[in-house]
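> Here's a sequence, model it:
(chains A and B)
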Amino acid sequence: MIRRRAFLAVGMVFLGAAAPLFAAGDAAHTKEALPNRTVAVVVAAAFAAAAWRFRSQILAFLKEAVAIANFSDRIRRASFWLSLLLFGSIALLFHQAGNSTWATKFGASLFKWLWMAWNDPIYDSSHGPLVPVISLGLLWWNRKAILACPTAPDGRGLAVAVLALVFHWMGMRGQIPRASVLALILLLWSLVWCFQGLPRARAMAFPIAFLVFIIPMNFLETLVAFPMRLMVTIVSTKIGQTLGIAVMRDGTRIFDPTGAYQYDVAPACSGIRSLTAIVMLSLIYGYVTQRGAWKKAILCLSGLPLAVAGNIVRITSIIVAAQCFGQEAGNIVHEWFGFLIFLVVVLLLVGVSRLINADYAVLRRRWKTFLPRDARATATKPLSAP
Amino acid sequence: MNPPRAGIARSFGIPATLIALVLLALVITRKTTDVHAEATAGISMQLPARIGEWVGADAPVAQIERDYLGPDTEFARKIYRDSKGREIFLGLVLSGRDRSSIHAAEACLVGQGWTIREGGIFRVPMDSPKPYALDMMRLVITRSARAPDGRTVSARNWYYYWFVGKNRLTPRHLNRILWTAFDRIFSNVHHRWAYVALIVNPPPGREKETEEMVRDFVRAAVPLFQKTTG
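Reported below is the predicted structural model:
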């Protein structure tokens, strides 16, 4: 049951993360791709349908959450208005004093800055609006563990709130709105700690931390994505040459010396957007399928190397297709098999997951039964000095 | 069931404290976001008319750039030509009170239709006004366009850039942003960073020669407009 749910959750999140990537990736080539907003609406509609399907469970979940307070009506009502006032003042802070850079374009609102960044191709973050939806999905997926945590208001959370506010102040003063977004996420988490206590805050840490992906990551393009793209181009060219194909490379351009075909390993396909989607995917996969912090960490950290591997497979398959059937065939692989990279990454994630979850004692026993009798004796014999 | 007194205190005390903290942050942030704007920059915005045998001619700045980058952003651009017909573009952008009046070159170039093929640091040893190493970012950029007669014309340029602060030099955009933030937060000062760009078109097969030409040009030109030496 859990496996089936995990599979469904990963599938939904994968579709959610991959859809805007394909839309935005195509936009760079054709400029006639599906607008990102349409994709967001489609995904939101899918989530709404899912919410309708599970409405009874959601209602039960909400009732349980409300019942936790266990206060009298009067106190509960007062708490409600106080909470509303708190969220209003947080919204006021980040709307009135949330952004200090490029005021002529964005004004002082951090929300406006985020929205503009999500819709500006320069920022490469059209997936931004989907991230809160995915975070909510992860909270829902882990709701039993979250609700099982003991709750009590905890004043220690105020220290984290102060830290978040100081961080926001630094972001404002330093003209770094991304720091203010981080501060907002930290502040949200501190509210959970303050009102529900540390155990519940811990249980909700990953879905809230996942909101980090609402931050435009385009600043990593030169730092991470470009060197990665160059490496992918070099390795794919080498593989092509090893296979006997006379492919050549000029920077991120791959071409045939006779001029039969040429391709550019462009940022739209192998840049920060693709990298972000894959890292998000591996984080979600690690979170929903693994038990134990180190296993989750391994799967999460494997995102970057797996992105490189997926890209290499994709570029190499384009080279092979172009060599065998010409430029047009390579174009078809390039245009229609963009999901190949995700397929490779998912398969590799499953492989890594199996590797870290394997029972090596059982495997060793099975291996010994497969060995011939003599070899088995040698395998069990202790090593001795000559 | 009535909650215990301590429970009520926490239930009301924590949100009330949080509201007070958030409102305090609002006031402090609004009052202290503006910092002292340093008027002097690390460069002079007057590009020389001649640099050795190179003769400069003014290059235009598009109105869209002026509109996009804020009214206090300053520009200086010249195209230098020598007697052999070689050309070097030299452009300066001096930021205003907003750090975003200088953008990451990579984003702008891609936005203009260029493709970045390679990138890396290019170091030029300087000897004036004192010996220091000037690190520049060098990008190999290409662009294809359809000519009126239907042919596809390709351009391949070398794009060099670096950032000049009042007392700092860096070839990396992220470093400039972090230094700007550091100075604003801890020194209460906003330095006007400048962005220097240099573009050449290397003829095929003469890359080494072009590299030497750039080195010589930078050694001769930079001391004439750049005050900061790192």
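> how many other residues sit next to A:Arg364?
A:Arg364 sits with 10 neighbouring residues when counted by other C-beta atoms under 10 Å in any protein chain shown. (C-beta placed from N, C-alpha, C; glycine too.)
> That one: helix or strand, and which one exactly?
helix A:360-370 (DSSP states H and E).
> Show the average pLDDT along that helix.
In this model, helix A:360-370 has a mean pLDDT of 79.
> So which bits of it are buried?
By neighbour count with 16 or more other C-beta atoms under 10 Å in any protein chain shown, helix A:360-370 contains no buried residues.
> Stretch B:131-150 now?
By 16+ other C-beta under 10 Å, the buried positions in stretch B:131-150 come out as B:Leu134, B:Met136, B:Met137, B:Arg138, B:Leu139, B:Val140, B:Ile141, B:Thr142.
> before we move on, what about stretch B:70-88?
Buried residues in stretch B:70-88, counting neighbours by 16+ other C-beta under 10 Å, are found at B:Gly70, B:Thr73, B:Glu74, B:Phe75, B:Ala76, B:Arg77, B:Lys78, B:Ile79, B:Tyr80, B:Arg86, B:Ile88.
> Quick check: the residue of the stretch 251-386 of chain A found nearest chain B vs B:Ala107, distance?
Distance from chain B to each residue of the stretch 251-386 of chain A (C-beta to the nearest C-beta) is smallest for A:Gly251, at 2.5 Å. Distance, A:Gly251 to B:Ala107, by C-beta to C-beta, to the nearest Å: 18 Å.
> Repeat that for B:Arg219.
Computed as C-beta to C-beta, the B:Arg219 to B:Ala107 distance reads 30 Å.
> the more surrounded of these two?
Ranked by neighbour count (other C-beta under 10 Å), B:Arg219 and B:Ala107 place B:Ala107 first, with 19 against 16.
> Now do the SS call for residue 46.
All of this refers to chain A. Per DSSP: H, G, I helix; E, B strand; the rest coil, the secondary structure class of A:Ala46 is helix.
> you looked at the wrong chain, it should be chain B
Counting by three-state DSSP, the backbone at B:Gln46 sits in coil.
> So which other helices or strands are in contact with the longest strand along chain B?
When chain B is parsed with DSSP state E, its longest strand is strand B:132-146. Under the contact definition 3 or more C-beta pairs under 8 Å, 6 or more residues apart in numbering or on different chains; DSSP states H and E, strand B:132-146 sits against helix B:105-111, strand B:115-126, strand B:152-164, strand B:169-170, helix B:207-225.
> one step back: for the residue of the stretch 251-386 of chain A closest to chain B, report the pLDDT, please.
As predicted, A:Gly251 sits at a pLDDT of 79.
> cool, A:Arg173 as well?
For A:Arg173, the pLDDT comes out at 93.
> That one is in contact with B:Ile28, isn't it?
No. The criterion here is C-beta atoms under 8 Å, and A:Arg173 misses it with B:Ile28 at 10.0 Å.
> Settle it for me: which of these two has more neighbours?
Counted by other C-beta under 10 Å, A:Arg173 and B:Ile28 do not tie: A:Arg173 has more neighbours, with 22 against 16.
> How about the contacts made by the more buried one?
A:Arg173 sits next to A:Ser100, B:Thr29, B:Thr32, B:Thr33, B:Val35, B:Ala181, B:Arg184, B:Ile185 when contact means C-beta atoms under 8 Å, 6 or more residues apart in numbering or on different chains.
> Pick the one among those closest to A:Val308.
Closest approach between the contacts of A:Arg173 and A:Val308, by C-beta to C-beta: B:Ala181, at 31.0 Å.
> and that closest one, that's in a helix?
Yes. If the criterion is three-state DSSP, then B:Ala181 is within a helix.
> Next up, phi/psi of the closest residue to it other than its chain neighbours, please.
Excluding its sequence neighbours, the residue lying closest to B:Ala181 (C-beta to C-beta, 6 or more residues apart in numbering or on different chains) is A:Gly174, at 3.0 Å. Here is the backbone geometry of A:Gly174 (degrees, to the nearest 10): phi -90, psi 0.
> Okay, and A:Val42 sits in which element?
Here A:Val42 is covered by helix A:36-53, with elements defined by DSSP H and E.
> B:Ala221 versus the residue nearest to B:Arg50 when sequence neighbours are not counted, what's the distance?
Closest residue in space to B:Arg50, ignoring its immediate chain neighbours: B:Gly56 at 6.8 Å, by C-beta to C-beta, 6+ apart. Per C-beta to C-beta, B:Gly56 is found 9 Å from B:Ala221.
> overlap in contacts of these two?
Shared contacts of B:Gly56 and B:Ala221, defined by C-beta under 8 Å, 6+ apart, comprise B:Pro48, B:Tyr80, B:Leu90.
> my guess is the last one contacts B:Ala221, does it?
Read that as B:Leu90. Yes. Between B:Leu90 and B:Ala221 a contact is recorded at 6.6 Å, counting by C-beta under 8 Å.
> Residue of the stretch 101-250 of chain A closest to chain B, please.
A:Gly174 (3.0 Å).
> elements contacting the helix or strand where A:Trp193 lies?
Per DSSP H and E, A:Trp193 falls inside helix A:177-196. Judged by 3+ C-beta pairs under 8 Å, 6+ apart, helix A:177-196 is in contact with helix A:73-96, helix A:110-119, helix A:157-173, helix A:198-203, helix A:205-209, helix B:5-32.
> Find the closest residue to chain A in chain B.
B:Arg117 (2.5 Å).
> How is chain A divided into domains?
Listed by automatic domain parsing, the domain ranges of chain A are A:2-216, A:221-363.
> quick revisit: pLDDT of the helix holding A:Trp193, averaged?
Averaged across helix A:177-196, pLDDT comes to 95.
> Pull out the buried positions in that helix.
Of the residues in helix A:177-196, A:177-196 count as buried by neighbour count, 16+ other C-beta under 10 Å.
> Equivalent analysis for stretch A:294-311, please.
Across stretch A:294-311, burial judged by 16+ other C-beta under 10 Å covers A:295-296, A:298-300, A:302-303, A:306-311.
> What of stretch B:53-64?
Within stretch B:53-64, the residues scored as buried using 16+ other C-beta under 10 Å are B:Trp54, B:Gly56, B:Val61.
> In a markdown table: the shared contacts of B:Gly56 and B:Ala221, plus pLDDT and distance to chain A.
Formatted as a markdown table, those follow (pLDDT from 0 to 100; distance: C-beta to the nearest C-beta, whole Å):
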| residue | pLDDT | distance to chain A |
| --- | --- | --- |
| B:Pro48 | 94 | 31 |
| B:Tyr80 | 97 | 26 |
| B:Leu90 | 96 | 22 |
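> Save those residues as a markdown table, and put in distance to A:Ala51 too.
As requested, these are exported to a markdown table (distance: C-beta to C-beta, whole Å):
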| residue | distance to A:Ala51 |
| --- | --- |
| B:Pro48 | 67 |
| B:Tyr80 | 64 |
| B:Leu90 | 59 |
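> remind me which residues of the chain are low pLDDT?
All of this is about chain A. A:1-41, A:43-44, A:64-76, A:104, A:267-271, A:371-386 (pLDDT under 70).
> was after chain B, sorry
B:1-11.
> Domains in it, by residue range?
If you go by automatic domain parsing, chain B breaks into B:1-33, B:38-225.
> So B:Trp162 is in contact with B:Arg168, correct?
No. Between B:Trp162 and B:Arg168 there is no contact under C-beta under 8 Å: 10.8 Å.
> the inter-axis angle of the longest strand of chain B versus strand B:115-126?
Strand B:132-146 and strand B:115-126 are oriented at 150 degrees to each other (axes from the mean of the first three to the mean of the last three C-alpha atoms, to 10 degrees).
> Partner strands of strand B:132-146, with direction?
According to DSSP bridges, strand B:132-146 forms sheet pairs with strand B:115-126 (antiparallel), strand B:152-164 (antiparallel).
> Taking the centroid of the chain, which residue is nearest it?
No chain in the question, so chain A it is. The residue lying closest to the centre of chain A (C-alpha atoms, centre = their mean) is A:Met280, at 1.1 Å.
> Chain B was what I was after
Among the residues of chain B, the one closest to the centroid is B:Tyr195, at 3.6 Å (C-alpha atoms, centre = their mean).
> Many thanks, we can stop here.
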